[in-house]
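S.K.: Have a look at this fold, sequence not included:
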Ligand SMILES: [Zn+2]
């Protein structure tokens, strides 16, 4: 079966065979027991495990499985269903443990299409591949995507690093790009605890070469975490975890209940150019 992935060595199309992916030039990549493949570029194959580690992946999985971000996942799926062509190729660029990916794969399947997910974190990709056997998953970098030019109908990037140039390369003309970022008051109540003077996130409408804006869809939810571990799992997913003052982190560690706002923006873009 022809894959959505391409060879990280020569760029040729990969074909999925029993237990491995191969390109026409004979480069071959084994499929791990969990069903994913490592497609990091050759010069990064042996670097020390990059991406989120096992504990971070586990904490994020626990939090996401609490369902607090379900409104965001539903909004993404609604947009994907509305925007994707028939028999679409979906790419989740920065798929993490596949919590959003699994739902997007169902949207793709319902339209007779398919889905691939890529993430730099091997522990995360392992989980995603187990969670979503219908999809294809690869360990890879968003800055050198193992996907061919103009091969993707809908690309999703949810709280992951943005590699706009690579995204423009792989998305087909008229293809869509869903880019999820935090809203100005995302996790405001948590920030009020960890910072003495919290600030709002900026609203950015950046023009990315090769894309034009269709719309920005706001999603907002409020939820109450009822134990310290859930609060810490959420905190660990945020950039504040690395940046907040120690006193703030201690104040948060003392809480076993927190009501917090989840505020998201889904930037909906279309690839420019001729089909
Ligand atoms: Zn090759």
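M.R.: Sure, I can see it. All values reported here derive from a predicted model rather than from experimental measurement.
S.K.: near the ion, which residues of the stretch 1-150 of the chain?
M.R.: 7, 9-10, 12, 23, 25, 27 (Cβ under 5 Å from the ion). For every residue, glycine as well, the C-beta is placed using N, CA and C.
S.K.: what about 8 Å?
M.R.: Within the stretch 1-150 of the chain, the positions near the ion by Cβ under 8 Å from the ion are 7-12, 14, 23-27.
S.K.: Tell me the buried residues within these.
M.R.: 7-9, 14, 23 (16 or more other Cβ atoms under 10 Å).
S.K.: just the residues you listed now: which is nearest residue 129?
M.R.: residue 14 (15.8 Å; Cβ to Cβ).
S.K.: sec struct for that closest one, please.
M.R.: With DSSP: H, G, I helix; E, B strand; the rest coil as the basis, residue 14 sits in strand.
S.K.: so where's the protein uncertain?
M.R.: Scanning the chain for pLDDT under 70 picks out 1, 45-51, 275.
S.K.: which element follows the longest helix along the chain toward the C-terminus?
M.R.: Ranked by residue count under DSSP state H, the longest helix found in the chain is helix 70-83. Counting by DSSP states H and E, the next helix or strand C-terminal to helix 70-83 is strand 89-93.
S.K.: My reading is that residue 115 lies in a helix. Confirm?
M.R.: No - Residue 115: not assigned to a helix; according to three-state DSSP it is strand.
S.K.: wouldn't it be in contact with residue 101 here?
M.R.: Yes - applying Cβ atoms under 8 Å, one finds residue 115 in contact with residue 101, separated by 6.9 Å.
S.K.: Now do the shared contacts for these two.
M.R.: Taking Cβ atoms under 8 Å, 6 or more residues apart in numbering as the criterion, residue 115 and residue 101 both touch 92, 132, 135.
S.K.: which residue ranges form the strands in the protein?
M.R.: With DSSP state E as the criterion, the chain has strands at 2-6, 13-17, 20-22, 28-30, 36-38, 89-93, 114-119, 136-139, 152-158, 171-182, 211-225, 258-271.
S.K.: which residues are contacting the fourth one?
M.R.: Which is strand 28-30. Contacts with strand 28-30, where a contact means Cβ under 8 Å, 6+ apart, come from 14, 19-22, 37-39.
S.K.: among those, which ones are buried?
M.R.: 14, 21-22, 37-39.
S.K.: Any idea which of the strands of the chain gets closest to residue 67?
M.R.: Among the strands of the chain, if distance is taken as Cβ to Cβ, the winner is strand 211-225, at 8.7 Å.
S.K.: now the angle from the closest one to strand 258-271?
M.R.: Angle of strand 211-225 versus strand 258-271, following axes from the mean of the first three to the mean of the last three Cα atoms, to 10 degrees, is 160 degrees.
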